[in-house]
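Undergrad: Okay, sequence plus prediction incoming.
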Amino acid sequence: MQQNRIVGIDADKDKNDDFLVLSHLFSLPELHYIDVASQQKIPDVLQRWPLLAELAQIHTPVSATEV
Amino acid sequence: MSVIALQGIRGGTGTTSVTAALAWTLSQLGEKVLAIDFSAANLLRLHFAMPYDSSRGWATAERAGHGWQQGAMRYNSRLDFLPFGQLPLEEQGLVNCDWQHNLTQLRNTSVYDWILLDVPAEDPLRAAQAISMADHTLMLLQADSQSHVRLHQQSLPANSHYLVNQFAPSSQLQQDILLLWQQSLPRLLPFILHRDEAMAESLAGKQPVGELHPQSKSSQDVTTLANWCLINLRSMQK
């Protein structure tokens, strides 16, 4: 029954969600849904607020790089 | 037992009100909860109806040589809290308490499902101690420019979850910052807590928001947060 076990390869706890369990159970590829509408709004946001644009250019947030 | 540290990215993000509200809501969902105040400001207790002039708390009990347990208070049958206690400024730095050991003791009693730590934003030593002991950290943000700058320049706890508090949907700037975070900030919770007078009133009313204003937006928001915690952060072992 080894092949039916969901092996804990995903150390990232954020991925331990129901969708991941389902995708393992039904052998679906992990789908990546991208919110295209929100992504397209980001340039407008950066244009509106110089500080946000400046920070976005300098580097990604510390939290995003996991320092 | 899950130990959750709640900390604001800076002072004034509403962390103490949210800690009290979350503790109460989890207890209403049948969980056994202990909320611990790690801040010498000693404000958490006021959300749980404690008289202002009572100096009782874990730090005062430790200083008096009685042991931290003597500071504990019971709010209802499923919710206990440990105030910090009222200590003069010069004594606050002298509190020496091995919380790692205390939490192991608490874990061994199997009484609690949740320990919530109200961690001060402006006391780096005590904050680091609390966060190192927690199983999970929830960092509270306000969707404003200052929080955004701090996310870039401040050292942040590893693997912290981020929760937007006091969100005002009518603000263009807040909407924009939230959008940016949704695209770039890992482990941002998929819901927000709205700015709501009910939450502000919870301290004035000396009750957690869910109890004081059960029909409020804040009460709904905190119920969402509590259920998210149950699904994602609950430990299988007592």
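TA: Noted; the coordinates are in hand.

Undergrad: got any ranges where chain B has weak pLDDT?
TA: Across chain B, the ranges flagged by pLDDT under 70 are B:238.

Undergrad: Can you pull the residues of it lying near chain A?
TA: Remark: the part of chain B in contact with chain A comprises B:145, B:148-149, B:151-156, B:158-160, B:162, B:172-173, B:176-177, B:179-180, B:182-187, B:232, using CB under 8 Å from any CB of the partner chain. No exception for glycine: its C-beta is placed from N, CA and C like everyone else's.

Undergrad: which helix is the longest one in chain A?
TA: Across chain A, the helix with the greatest residue count (assigned by DSSP state H) is helix A:36-48.

Undergrad: Could you list every helix and strand that it packs against?
TA: helix A:50-58, helix B:172-184 (3 or more CB pairs under 8 Å, 6 or more residues apart in numbering or on different chains; DSSP states H and E).

Undergrad: which outside residues touch the longest one?
TA: Spelled out, it's helix B:172-184. A:35, A:38-39, A:41-42, A:45, A:48-49, A:52, A:56, A:60-61, A:64, B:141, B:143-145, B:147-148, B:162, B:164, B:167-169, B:188, B:192 (CB atoms under 8 Å, 6 or more residues apart in numbering or on different chains).

Undergrad: buried subset of these?
TA: A:41-42, A:45, A:49, A:52, A:56, A:61, B:141, B:143-144, B:147-148, B:162, B:164, B:167, B:188, B:192 (16 or more other CB atoms under 10 Å in any protein chain shown).

Undergrad: didn't residue B:82 look like it was pressed against residue B:74?
TA: No - using CB atoms under 8 Å, residue B:82 is not in contact with residue B:74; the gap is 10.8 Å.

Undergrad: more neighbours, those two?
TA: Taking other CB atoms under 10 Å in any protein chain shown, residue B:82 and residue B:74 do not tie; residue B:82 has more neighbours (26 against 10).

Undergrad: what's that one sitting at in phi/psi?
TA: phi -120, psi 100 (degrees, to the nearest 10).

Undergrad: ok, it - contacts?
TA: B:34, B:35, B:36, B:37, B:57, B:58, B:68, B:71, B:72, B:73.

Undergrad: Same check on residue B:44?
TA: B:16, B:19, B:20, B:35, B:37, B:81, B:83, B:84, B:118.

Undergrad: I'd like to know the beta-bridge partner residues of the fourth one.
TA: Listed beta-bridge partners, residue B:35: residue B:81, residue B:116 (assigned using DSSP bridges).

Undergrad: surely it meets residue B:23?
TA: Yes - counting by CB under 8 Å, residue B:35 touches residue B:23, with 4.1 Å between them.

Undergrad: Can you check which residues contact both of these two?
TA: B:79, B:81, B:116.

Undergrad: any chance of those in TSV, plus neighbour count?
TA: Below are the shared contacts of residue B:35 and residue B:23 laid out as TSV (neighbours: other CB atoms under 10 Å in any protein chain shown):
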residue	neighbour count
B:79	24
B:81	26
B:116	27
